[in-house]
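Asks: Below is the sequence, then the predicted model.
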Amino acid sequence: MKCAEGLALLGHYYPFCPQPELTMGASQHADSDFLTVLLNDHVSGLQVLYQNQWFDVPSVPGSLVVNIGDLLQANLHSLISNDKFISAEHRVVANNLRSRVSVACFFRSDVNKSGDELYGPIQELLSEDNPPKYRATTVKEYVNYYNTKGLDGTSALLHFRV
Ligand SMILES: O=C(O)CCC(=O)C(=O)O
Ligand SMILES: [Fe+2]
């Protein structure tokens, strides 16, 4: 499905902050890709939203964190899985003692190679009882909308719901 042809890499540096309660390292969001593989150093800070509560993701040296992104998603908001898989809402809190480094690898199709490829709920998952919840879109359109909207705490997927 060409979901992993367009690997994007983002390096993050979160400086320590004397008043962490006044800011965020990264505000609440789900990623705009299919799957994210995340490597971070020994400093924690990543939190995941589960049943309306924020949970710390422990920082285990040498481990990788894998997040489902909006374009794959499973339960509440996934475009091709028609909500069978849910993209993970997450954020990064600031730390008053230590700076933090992480590297995020975003897997999505290459917009230069398959920019017109349409992604929508997979036919095999659809039935009379499970009609499509999203209209098909291209990765380019999805990412453009996601970036224009910004991280305002709402899901970009709402815009694509039918
Ligand atoms: O720094 C982290 O642990 C998370 C970064 C992140 O959520 C992102 O790049 O989308
Ligand atoms: Fe993220």
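Replies: Okay, I see it. Ligands and ions are numbered 1, 2, ... in the order given.
Asks: residues contacting the residue lying closest to Leu118 once chain neighbours are set aside?
Replies: Of all residues not flanking Leu118 in the chain, Ala136 sits nearest, at 4.3 Å (Cβ to Cβ, 6 or more residues apart in numbering). No exception for glycine: its C-beta is placed from N, CA and C like everyone else's. Residues near Ala136 by Cβ atoms under 8 Å, 6 or more residues apart in numbering: 118-120.
Asks: Now name the helix or strand holding the residue nearest to Ala156 when sequence neighbours are not counted.
Replies: With sequence-adjacent residues excluded and distances taken as Cβ to Cβ, 6+ apart, Ala156 is closest to Tyr146, at 4.3 Å. Applying DSSP states H and E as the criterion places Tyr146 in helix 139-149.
Asks: now for that helix, which elements pack on it?
Replies: Judged by 3 or more Cβ pairs under 8 Å, 6 or more residues apart in numbering; DSSP states H and E, the packing partners of helix 139-149 are helix 111-114.
Asks: what helices or strands is the helix it packs on leaning on?
Replies: Contacts defined by 3+ Cβ pairs under 8 Å, 6+ apart place helix 111-114 against helix 139-149.
Asks: So which residues on the chain come close to ligand 1?
Replies: 10, 12, 26, 31, 38, 40, 46, 90, 92, 102, 104 (Cβ under 6 Å from any ligand atom).
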